[in-house]
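Enquirer: When you get a sec, could you give me coordinates for this:
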Amino acid sequence: MPAQKALKKRKVWQMEKIKGRVLIAKLGLDGHDRGAKVVARALRDAGFEVIYSGLHQTPAAVAATAVDEDVDVLGVSILSGAHNALIPQLMEELKKRHADDVMVFVGGIIPDDDVDTLRSYGVQAIFRPGSSLQEIVDEAAKAALKRQTNL
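Expert: Below is the predicted model:
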């Protein structure tokens with residue numbers, strides 16, 4: 001038990017050292033943003049600077065915001081099933097803006113058959129129903145640290 005407590009403290013300490021910037025975005029016509037706001041708050045509480053795009057964003061607008069805000073991590077919430085259409089467009093928009101080093105995460109209703117396809121586009125992590133907030137925070141921290149040390 002003491003070892004687990006020490007590990008938990010170490011994770012908290014590591015999180016405090018990270019000053020990552022995260023953009024949480026809602027692409028397309030998906031109007032359900034409660035989960036995105038919960039994730040944004042968890043990331044903020046963990047020490048990240050969080051920017052929320054608001055609803056009904058285009059891939060071009062999200063990529064432009066990611067560049068303008070110099071984010072380390074871009075979290076995209078999609079519950080509409082449009083991920084196979086919107087994520088490739090988003091990744092292309094990031095590439096056009098020379099921002100393909102931004103770590104992209106996707107959360108939402110993603111069928112098993114689509115996971116490998118999304119990863120092939122460059123999506124770093126996929127969070128589906130049942131993912132814990134701690135798992136999302138930990139992955140965002142690793143991604144932000146990786147991007148910051150590679151810049």
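Enquirer: name the helices or strands packed onto the longest helix that the chain contains?
Expert: Longest among the helix segments of the chain by residue count, using DSSP state H, is helix 133-150. Contacts defined by 3 or more C-beta pairs under 8 Å, 6 or more residues apart in numbering; DSSP states H and E place helix 133-150 against helix 2-17, strand 21-26, helix 34-45, strand 73-78, strand 103-108, strand 125-127. Placement of C-beta: from N, CA and C, glycine included.
Enquirer: Would you single out the least confident of those?
Expert: Mean pLDDT across these is lowest at helix 2-17; the value there is a mean of 47.
Enquirer: most centrally placed residue in the chain?
Expert: Ranked by distance to the mean C-alpha position of the chain (C-alpha atoms, centre = their mean), the top residue is Gly75 at 2.3 Å.
Enquirer: for that one, what are its contacts?
Expert: Contact analysis of Gly75 by C-beta atoms under 8 Å, 6 or more residues apart in numbering lists 22-25, 36, 39, 43, 104-107, 136, 140.
Enquirer: got it, and Val67?
Expert: When contacts are counted by C-beta under 8 Å, 6+ apart, Val67 is found next to Arg97, Ala99.
Enquirer: Averaged pLDDT, the helix or strand hosting it. What do you get?
Expert: Per DSSP states H and E, Val67 falls inside helix 59-68. Averaged across helix 59-68, pLDDT comes to 97.
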